[in-house]
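S.K.: Return a 3D structure for these sequence lines:
(2 chains)
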Protein chains: 2
Amino acid sequence: MIQKLIARIEKTGAPIVAGLDPMLSYIPEHIKKRAYEAYGETLKGAGEAVWQYNKGIIDAIYDLIPAVKPQIAMYEQFGVEGLTAFARTVQYCKEKGLVVIGDIKRGDIGSTSEAYAAGHLGKVQVGSKEYSGFDEDFATVNPYLGSDGVAPFIKVCKKEKKGLFILVKTSNPSSGEFQDRITEGRPLYEIVGEQVAKWGEEHMGETYSYIGAVVGATYPQVGKTLRQIMPRAYILVPGYGAQGGRGTDLVHFFNRDGLGAVVNSSRGIIAAYQQDKYASFGSENYADASRAAVLDMKEDIACALAGCR
Amino acid sequence: MIQKLIARIEKTGAPIVAGLDPMLSYIPEHIKKRAYEAYGETLKGAGEAVWQYNKGIIDAIYDLIPAVKPQIAMYEQFGVEGLTAFARTVQYCKEKGLVVIGDIKRGDIGSTSEAYAAGHLGKVQVGSKEYSGFDEDFATVNPYLGSDGVAPFIKVCKKEKKGLFILVKTSNPSSGEFQDRITEGRPLYEIVGEQVAKWGEEHMGETYSYIGAVVGATYPQVGKTLRQIMPRAYILVPGYGAQGGRGTDLVHFFNRDGLGAVVNSSRGIIAAYQQDKYASFGSENYADASRAAVLDMKEDIACALAGCR
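M.R.: Numbering: from 1, shown residues only, chains lettered A, B, ... in the order given. The predicted structure follows:
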């Protein structure tokens, strides 16, 4: 799957992930109105609105980008009906040829991580049959529980040819509270990064590993250090756009081959029509605004990688 | 909710949580057969089997214990149908008067943690209406992302009178890989524990805080240290039974008031009938075996707290 991701990045020329993190406040009124007319102001109505909103965006941008990253929390907040919309979104993106990174940040003790890995990346056995629960291509994983919490995910990835992005340094303001603690002379995120590099070396695609890392765009100097510690790990970079990361911050996350990083933008793409810059599209044409935002982001990153300021 | 938990612990005399972590291999054949006859060997069939199995156990033990802890991964592995069984289980346990601890180990950046908190402990707004997605009483939270990943959970708990158990030292063999790293002269789990104590002091019930901690029974000496660092935090103690923790290991997790800790057992209770000790019940009477296992666990803990060896 890491090969598919890289091939699509090279084909589109866009190391970009669209974060499909829908909030009801992002969804245009006409979509909500239609969904509530069909199912009422219910969790099912909310799930339907989320799904229709996503579908419009996916149809408008799927040819421009290699991958999407639905944040499962935004679906889980609507309970089972929200998760139904998550499952439909994953399935539809895959039909469109997109690589799907499930932003699930799961992580638990061994047998429990096994269940998460089966549900999101692998298969479960029911009697004589096998099924995939959610079936993403990649998943994000929280490493706080250590190797035996991560190993079951790696095992499933090996079998199913899928991949992981392991949280190393997150994009949020308080990420340093534990992740930056100096331990044995260096910050904890470096130690986690070394472990990711080690797991990664044992699980290589052709040039990159299918065990990648999450490092926030909001910490570019940390990105530079971690790029060196994990040379063959693909880095998933959240925090671009709405959280403050800019194109020029991204340069050090990439390797000299122009690969090695893929940058996520969520609100900046999916709710572009709510920004002044794209307001002229209007809410009816929200998906076209998303397309314009992707093209601008592509240019911003290409420009930064080419050395312009 | 911490008051309700304490009141139920005092009433039952059992500081015990039953971990409702169903695996298909635990479920007696007669239950699976009936579920597959109704829905086929499908994810829906698996969800039905899980739900019927849980219901049998809950009916057999609800009067003996204060709380249950369904591990959401065991449901999530069956996709949406599994999560439907999770939601039914949570609802049914609450109807039976049990406190429900959602073992979800979620944790993300601020706005995303908000969505998880709303979905599991709070409410979401859909148009003019409000709904609860899963509606547990407590949730477990992963602190790796720091304060701004935890704060949204605390905010919802304050509003809804619910509670948290924050991962401090987990029960698995490799938990030390990151959690035990020496940072500023002491292990990371102590620093996380201090932070939990600080959050907890600001969010007190009557005698205990509604911000608790997870500390594994498999590390009794760590439990002793953390008990002192977090004197007013309730400690949820996994790892008893199948993972190797024994009654005598638990003593230091409790305060002198006999409170302050609640011990989880999953497989040891729900799959008791598969152990030699309870095999005579037979799989048809699996729930009676669970009841016997709860009574034995209650005695083991009471004995340990009374000082017998």
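S.K.: can you tell me which residues contact A:Gln71?
M.R.: The contact partners of A:Gln71, taken as C-beta atoms under 8 Å, 6 or more residues apart in numbering or on different chains, are A:19-21, A:103, A:266, B:108, B:112, B:115. The C-beta positions use only the backbone N, C-alpha and C, and glycine is treated the same way.
S.K.: out of the residues you listed, which are inside strands?
M.R.: Per DSSP state E, strands hold the following members of those: A:Asp103.
S.K.: Redo the contacts of A:Gln71 as a markdown table? Include pLDDT, neighbour count and distance to A:Asn172.
M.R.: Shown next, in a markdown table, are the contacts of A:Gln71 (pLDDT from 0 to 100; neighbours: other C-beta atoms under 10 Å in any protein chain shown; distance: C-beta to C-beta, whole Å):
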| residue | pLDDT | neighbour count | distance to A:Asn172 |
| --- | --- | --- | --- |
| A:Gly19 | 98 | 23 | 14 |
| A:Leu20 | 98 | 27 | 19 |
| A:Asp21 | 97 | 23 | 14 |
| A:Asp103 | 98 | 27 | 14 |
| A:Ser266 | 96 | 28 | 13 |
| B:Asp108 | 94 | 28 | 8 |
| B:Thr112 | 96 | 25 | 9 |
| B:Ala115 | 98 | 26 | 14 |
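S.K.: and of the contacts of A:Gln71, the nearest to A:Val215?
M.R.: Closest approach between the contacts of A:Gln71 and A:Val215, by C-beta to C-beta: A:Asp103, at 14.3 Å.
S.K.: Quick check: A:Thr140 vs chain B, distance?
M.R.: Applying C-beta to the nearest C-beta, to the nearest Å, the value for A:Thr140 to chain B is 9 Å.
S.K.: Residue ranges in chain A under the pLDDT threshold?
M.R.: Along chain A, the model assigns pLDDT under 70 to residues A:309.
S.K.: Give the buried residues for stretch A:218-230.
M.R.: Neighbour-count burial for stretch A:218-230, counted by 16 or more other C-beta atoms under 10 Å in any protein chain shown, picks out A:218-220, A:222-223, A:225-227, A:229-230.
S.K.: hmm, that stretch in reach of chain B?
M.R.: No: Stretch A:218-230 lies out of reach of chain B by C-beta under 8 Å from any C-beta of the partner chain, never closer than 10.1 Å.
S.K.: Contacts for that stretch, please.
M.R.: A:168-169, A:171-172, A:175, A:189-190, A:193-194, A:196-197, A:200, A:213, A:215-217, A:235, A:237, A:239, A:243-245, A:249-255, A:260.
S.K.: and these, which of them are in helices?
M.R.: Residues from the contacts of stretch A:218-230 lying in helices, with DSSP state H as the criterion: A:189-190, A:193-194, A:196-197, A:200.
S.K.: export these to CSV and tack on neighbour count?
M.R.: What follows is the ones in helices among the contacts of stretch A:218-230, written out as CSV (neighbours: other C-beta atoms under 10 Å in any protein chain shown):
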residue, neighbour count
A:Tyr189, 26
A:Glu190, 22
A:Gly193, 26
A:Glu194, 15
A:Val196, 30
A:Ala197, 20
A:Gly200, 24
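S.K.: just to revisit the earlier point, what is the most widely separated pair among the contacts of A:Gln71?
M.R.: Farthest-apart pair in the contacts of A:Gln71 is A:Leu20 and B:Asp108; separation 15.0 Å (C-beta to C-beta).
S.K.: what's the span of stretch A:89-103, first residue to last?
M.R.: End-to-end distance of stretch A:89-103 (C-alpha to C-alpha, to the nearest Å): 13 Å.
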